[in-house]
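> sequence and predicted structure, then a few things I'm wondering about:
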Amino acid sequence: MAPLAGAGAVLAGAAAVALLSAALVLYELPLDAVLQRAFSLHTAHSIKDMENTLPLVRNIIPPQTSKKHKGQDGRIGVVGGCQEYTGAPYFAAISALKVGADLSHVFCTREAAPVIKSYSPELIVHPVLDSPGAVHDVEEWLPRLHALVVGPGLGRDGTLLKNVKGILEAAKARDIPVVIDADGLWLIAQHPALIQGYRKAVLTPNHVEFNRLSEAVLREPGNGSDREAVRRLSQALGNVTVVRKGERDVLSDGEQVLECAQEGSSRRCGGQGDLLSGALGVLVHWALLAGPEKTNGCSPLLLAAVGACSLTRQCSHQAFQKHGRSTTTTDMIAEVGPAFRRLFEA
Ligand SMILES: NC(=O)C1=CN([C@@H]2O[C@H](COP(=O)(O)OP(=O)(O)OC[C@H]3O[C@@H](n4cnc5c(N)ncnc54)[C@H](OP(=O)(O)O)[C@@H]3O)[C@@H](O)[C@H]2O)[C@@H](O)CC1
Ligand SMILES: Nc1ncnc2c1ncn2[C@@H]1O[C@H](COP(=O)(O)OP(=O)(O)OP(=O)(O)O)[C@@H](O)[C@H]1O
Ligand SMILES: [Mg+2]
């Protein structure tokens with residue numbers, strides 16, 4: 001059970017109010033889910049403050065019918081995968097499929113491709129990222145993709161980062177939603193203008209990545225416990241959605257600040273963030289497709305982020321119950337289906 005869930009819980013958290021100068025409302029949600037919504041005084045969302053968020057996430061999930069064709073529920077591209085890191089792009093791409101995307105592509109370096117292919121026949125793997133024509137090669141696929149997840153296992157090689165810069169510019173020109181994670185965030189810290197004001201971007205920094213971005217963009221060290229810091233970073237980037245992962249995930253579009261404290265686990269094995277970014281790729285596509293009547297005026301990207309954060313933590317919780325200390329990200333991916341059903345379809 002999440003620590004703040006309690007009987008009839010609709011409380012104001014006084015300390016948090018003081019800290020945030022904001023209203024903090026706790027909801028008791030089904031399945032022990034606790035999501036806190038905290039809004040800055042600069043916005044007036046009092047009615048929305050009272051709403052639960054998970055039901056809105058449920059609203060954006062496309063119905064499964066026999067009338068659809070392959071690809072309709074999502075064609076996602078993951079940009080990452082190099083000599084050192086082949087697991088991360090695999091985790092992101094397979095998670096996108098397990099959440100419900102129909103097709104999942106990986107754009108990686110030549111030598112990473114056979115390795116990633118060998119993990120799964122379900123992924124479409126393009127060995128293009130270190131080729132001279134990388135930007136052009138990926139650009140050819142962009143019209144067929146609904147969202148890009150940029151960064152898992154990318155590494156920090158200068159040539160690769162230059163290619164990814166071009167790919168990001170091409171994705172923006174086509175208005176394709178992008179989730180930026182891991183070494184993609186390293187690139188953004190070097191070139192914040194790349195993403196400045198692009199409202200279809202979500203950044204998913206961990207503790208270290210958040211601090212690096214804060215230093216680069218705000219010239220201030222990120223304060224890990226300060227929700228305002230997440231809002232400030234989002235605002236400074238022109239309201240790009242920021243998801244700071246941690247003991248609690250803090251999410252902001254520069255106006256609203258949400259917190260996800262879904263019960264996860266104490267296991268901190270690598271790859272959990274990659275699962276989150278892949279899941280988010282699909283959910284961002286679904287949320288944008290759903291339209292305002294389904295999202296009830298809430299930011300679709302924030303809703304998608306709430307969905308991905310809750311799901312990742314629920315996967316962690318379920319996997320840990322079965323495997324304890326030996327839990328790995330592969331065990332969490334096996335829980336995506338059951339966790340999704342429990343959170344969003346029960
Ligand atoms: N199987 C695979 O292929 C995987 C590949 N991956 C890929 O690896 C690439 C690099 O990504 P990354 O996240 O390891 O970043 P990086 O800048 O090297 O920092 C790491 C260091 O930061 C610290 N640290 C981290 N969290 C912290 C915290 N909360 N609080 C405090 N400190 C914290 C900690 O340092 P410590 O101080 O413990 O030595 C940690 O060692 C990227 O491409 C990614 O996608 C991963 O996705 C995993 C699975
Ligand atoms: N201290 C914690 N307690 C509970 N859950 C956590 C904690 N830290 C992170 N998480 C959860 O773990 C998941 C991944 O976050 P993390 O900070 O490990 O990302 P990451 O470092 O990018 O992971 P990766 O190893 O994939 O790169 C998120 O769902 C986050 O909510
Ligand atoms: Mg990561």
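Right, received. Where do you want to start? Ligands and ions are numbered 1, 2, ... in the order given.
> how about the residues of this structure by ligand 1?
Applying Cβ under 6 Å from any ligand atom, we find that the chain lies next to ligand 1 at 85-88, 152-155, 182-183, 206-208, 270-271, 273-274. Bear in mind the C-beta positions are built from the backbone N, C-alpha and C, glycine included.
> give me the residue from the stretch 51-200 of the chain nearest ligand 1.
G87 (2.6 Å; Cβ to the nearest ligand atom).
> can stretch 242-252 be said to contact ligand 3?
No. On the criterion Cβ under 5 Å from the ion, stretch 242-252 is out of touch with ligand 3, staying 7.9 Å away.
> residue ranges with poor pLDDT in the stretch 1-150 of the chain?
1-51 (pLDDT under 70).
> equivalent analysis for the stretch 151-300 of the chain, please.
Using pLDDT under 70, the stretch 151-300 of the chain drops low at 222-225.
> tell me where it has helices.
158-173, 182-190, 207-218, 227-236, 272-290, 292-295, 300-323 (DSSP state H, counting those that start in this stretch).
> which helices and strands does the last one pack with?
Packing contacts for helix 300-323, counted by 3 or more Cβ pairs under 8 Å, 6 or more residues apart in numbering; DSSP states H and E, involve helix 54-60, strand 201-203, strand 241-244, strand 249-252, strand 256-260, helix 272-290, helix 329-334, helix 336-340.
> including mean neighbour count, could these go into CSV?
Below are the helices and strands packed on helix 300-323 laid out as CSV (neighbours: other Cβ atoms under 10 Å):
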stretch, mean neighbour count
helix 54-60, 19
strand 201-203, 26
strand 241-244, 28
strand 249-252, 28
strand 256-260, 24
helix 272-290, 27
helix 329-334, 21
helix 336-340, 19
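> redo the ones you listed as a markdown table? Include distance to ligand 2.
Shown next, in a markdown table, are the helices and strands packed on helix 300-323 (distance: least, Cβ to the nearest ligand atom, whole Å):
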| stretch | distance to ligand 2 |
| --- | --- |
| helix 54-60 | 15 |
| strand 201-203 | 11 |
| strand 241-244 | 9 |
| strand 249-252 | 5 |
| strand 256-260 | 7 |
| helix 272-290 | 2 |
| helix 329-334 | 7 |
| helix 336-340 | 12 |
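> can I get these in TSV including distance to T312?
Below are the helices and strands packed on helix 300-323 laid out as TSV (distance: least, Cβ to Cβ, whole Å):
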stretch	distance to T312
helix 54-60	13
strand 201-203	14
strand 241-244	10
strand 249-252	9
strand 256-260	9
helix 272-290	4
helix 329-334	8
helix 336-340	9
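> returning to that earlier point: now the residue of the stretch 51-200 of the chain closest to ligand 1: closest residue in space, sequence neighbours ignored.
Distances taken as Cβ to Cβ, 6 or more residues apart in numbering put G271 closest to G87, at 6.1 Å, once the chain neighbours are dropped.
> what residues are up against that neighbour?
87-88, 91, 328-329, 332 (Cβ atoms under 8 Å, 6 or more residues apart in numbering).
> and E228, how close does it get to ligand 3?
23 Å (Cβ to the ion, to the nearest Å).
> what sits up against stretch 303-315?
Applying Cβ under 8 Å, 6+ apart, the set of residues contacting stretch 303-315 is 33, 35, 53-54, 56-57, 60, 99, 202, 204, 241, 243, 245, 249, 251, 258, 260, 262-264, 272, 275-277, 279-280, 283-284, 286-287, 295, 332-333, 335-336, 339-340, 342-344.
> hmm, try it at 7 Å
For stretch 303-315, the external contacting residues (Cβ atoms under 7 Å, 6 or more residues apart in numbering) are 33, 35, 53-54, 56-57, 60, 202, 241, 243, 249, 251, 258, 260, 262-264, 272, 275-276, 279-280, 283-284, 287, 295, 332, 335-336, 339-340, 342-343.
> chain center to that stretch, what's the gap?
Put simply, stretch 303-315 sits 8 Å off its chain's centre (Cα atoms, centre = their mean, to the nearest Å).
> stretch 114-131 now?
22 Å.
> can you give me the buried ones in it?
Residues 116-117, 119, 123, 125-130 are the ones in stretch 114-131 that count as buried (16 or more other Cβ atoms under 10 Å).
> return it as CSV; C-alpha atoms alone will do.
Provided in CSV are the C-alpha atoms of stretch 114-131 (Å, rounded to 0.1, in the frame of the first residue of the first chain):
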residue,chain,number,x,y,z
PRO,A,114,22.2,-8.2,-34.8
VAL,A,115,22.4,-8.3,-31.0
ILE,A,116,19.1,-6.5,-30.5
LYS,A,117,17.5,-8.6,-33.2
SER,A,118,18.6,-11.7,-31.5
TYR,A,119,16.8,-10.7,-28.3
SER,A,120,13.5,-10.6,-30.0
PRO,A,121,12.0,-11.5,-33.4
GLU,A,122,9.2,-9.0,-32.6
LEU,A,123,11.3,-5.9,-33.1
ILE,A,124,12.2,-4.2,-36.5
VAL,A,125,15.8,-3.2,-36.2
HIS,A,126,17.5,-0.7,-38.5
PRO,A,127,21.4,-0.7,-38.4
VAL,A,128,21.6,3.0,-39.5
LEU,A,129,22.5,5.3,-36.7
ASP,A,130,26.3,5.4,-37.3
SER,A,131,26.0,5.5,-41.1
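> for ligand 3, what's the nearest residue on the chain?
Per Cβ to the ion, G273 is where the chain lies closest to ligand 3, at 3.4 Å.
> report the contact partners of that residue.
Contacts for G273 (Cβ under 7 Å, 6+ apart) come out as 181, 204, 206, 245.
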